[in-house]
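# what follows is a predicted protein model with its sequence.
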Amino acid sequence: MERNSRGVLVRHVEPFPPTAGTPGLAQGSYGQRGNLELVIPDPLDGFWVFWFNADLDERHAGAALGRWSGGLHVPTRSLLNRVSIAQVPFGPNFLEVATEGSDGRQRWYWTPTDGFVHDGPLPDGPSGNGPVAVNDSLITVAADRCVVSGASNYPTLDWVADGPTIAGVRSASIAALAGRVALAVVRSDGVGALFVGDAPVVRIEGDWRELVVAGAAVRRSEGWQLVGIDQGGIVQLITVTDTDATMVVERVERAELGRPEPAAAVAATTSSLGEGTVEIVVRQADRLLHLRVSGGTTQVSELTSDVWVALPRPATVHRRSP
């Protein structure tokens, strides 16, 4: 129990509201070390937004230290099956959100002053990817190739095609590191592939439902870390080294979830919250899990909201926008 200008403060733990579909996860620019930003579709309309308090010091406001916040619901007037999120330096430090659902692919962005703003449709493309920042541009995948937009008029974007045609893609995930772009795709036959610049394409054997580029590799900074779900619902971590102009699948490791039910959806990002850390959110049966993979160990916890509130306790810490 603590006290501040709002009165007596206590910790309040509450389950996440009902969610559905595939979430999106990123490490943002806010907080002492960069909080995690999580977006998840609502079962009926729009999406929910949560953040993970990654600070070093307890501030007794919002999410407790090392815990998830309450949810903010963003209505879209559409039924969504997937949401992705990315931190960008433009704006500055806006968040880019891409939704997929009954109204196609739509772009939203978040500003510190205006909150979430709907910008309109994104170019049609394979499931699973939203705009990410690379150098002074943004990039995403549309139809059968990447498209880019300069950021000189941000948040206004003007997409133009860039790069070779990539045919037969069922899902795609894109990430940028040190000015290089990595694109992971799952083809219609379930085989995965990783494209990085002009380097030879890396084939990732298996029968994949989805592959997500989390970011820099866990053990080597000159590489890429992917997280995938195979058709059996098993979550696997794939490390691809990228040295001396040669990319090689170094290892594939199964992530243990603590229960036998297959995973239905996954989101992932690398983070600076530990050396070589990968943050993963998994939907499994009736629960959402947060996996932190770091230093050869995996911590698994079920997602709940754990926040500081003033007495008397509110009915809920989850908020719905009008």
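Received it, and whenever you're ready, just let me know what you need. Residues are numbered from 1 along each chain as shown.
# and Leu44, how many neighbours?
10 (other C-beta atoms under 10 Å). For the C-beta atoms, the positions are set from N, CA and C on the backbone; glycine is no exception.
# give me the low-pLDDT residue ranges for the stretch 51-200 of the chain?
Of all residues in the stretch 51-200 of the chain, none has pLDDT under 70.
# now the strands for it?
Ranges of strands within the stretch 51-200 of the chain are 62-63, 72-74, 80-87, 95-101, 104-111, 115-121, 132-134, 137-142, 145-150, 160-162, 169-177, 180-187, 192-196, based on DSSP state E, counting those that start in this stretch.
# between the fifth one and strand 137-142, how many degrees?
With axes from the mean of the first three to the mean of the last three C-alpha atoms, to 10 degrees as the basis, strand 104-111 and strand 137-142 are set at 160 degrees to each other.
# and the contacts of strand 104-111?
74, 76, 78, 91, 94-100, 116-125, 130-131, 155, 157 (C-beta atoms under 8 Å, 6 or more residues apart in numbering).
# go again with 7 Å.
For strand 104-111, contacts defined as C-beta atoms under 7 Å, 6 or more residues apart in numbering pick out 91, 94-99, 116-122, 124-125, 155.
# mean neighbour count and distance to Gly24 added to the strands of the stretch 51-200 of the chain, as CSV?
Listed next are the strands of the stretch 51-200 of the chain as CSV, based on neighbours: other C-beta atoms under 10 Å; distance: least, C-beta to C-beta, whole Å:
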stretch, mean neighbour count, distance to Gly24
strand 62-63, 20, 18
strand 72-74, 18, 13
strand 80-87, 24, 4
strand 95-101, 24, 7
strand 104-111, 19, 11
strand 115-121, 13, 13
strand 132-134, 20, 11
strand 137-142, 22, 13
strand 145-150, 18, 19
strand 160-162, 12, 23
strand 169-177, 22, 10
strand 180-187, 23, 15
strand 192-196, 21, 19
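# of all these, which one is nearest Ala267?
Taking C-beta to C-beta, strand 80-87 is the member of these nearest to Ala267, at 7.8 Å.
# show me what the closest one is packed up against.
strand 24-27, strand 36-41, strand 95-101 (3 or more C-beta pairs under 7 Å, 6 or more residues apart in numbering; DSSP states H and E).
# note down every partner strand of the shortest one and its orientation.
Neighbouring strands of strand 24-27 in its sheet, by DSSP bridges, are strand 36-41 (antiparallel).
# now Val49: closest residue in space, sequence neighbours ignored.
Leu72 (4.6 Å; C-beta to C-beta, 6 or more residues apart in numbering).
# that neighbour and Val317 touch, don't they?
No. The pair Leu72 / Val317 is not scored as a contact, 10.1 Å apart, by C-beta atoms under 7 Å.
# about what we covered before: right, and the strands of the stretch 51-200 of the chain - which one's nearest Val300?
Of the strands of the stretch 51-200 of the chain, nearest to Val300 by C-beta to C-beta is strand 62-63, at 19.0 Å.
# list the helices and strands the closest one packs on?
Under the contact rule (3+ C-beta pairs under 7 Å, 6+ apart), strand 62-63 is packed against strand 304-310.
# now the strand it packs on: buried residues?
305-310 (16 or more other C-beta atoms under 10 Å).
# so among those residues, where is pLDDT lowest?
In terms of pLDDT, the lowest of the buried residues of strand 304-310 is Ala310, showing 91.
# any idea what that residue is bridged to?
Here Ala310 sits in beta bridges with Leu9, going by DSSP bridges.
# against Val317, how distant is it?
12 Å (C-beta to C-beta, to the nearest Å).
# now swap in Pro89 and tell me
In terms of C-beta to C-beta, Pro89 sits 30 Å off from Val317.
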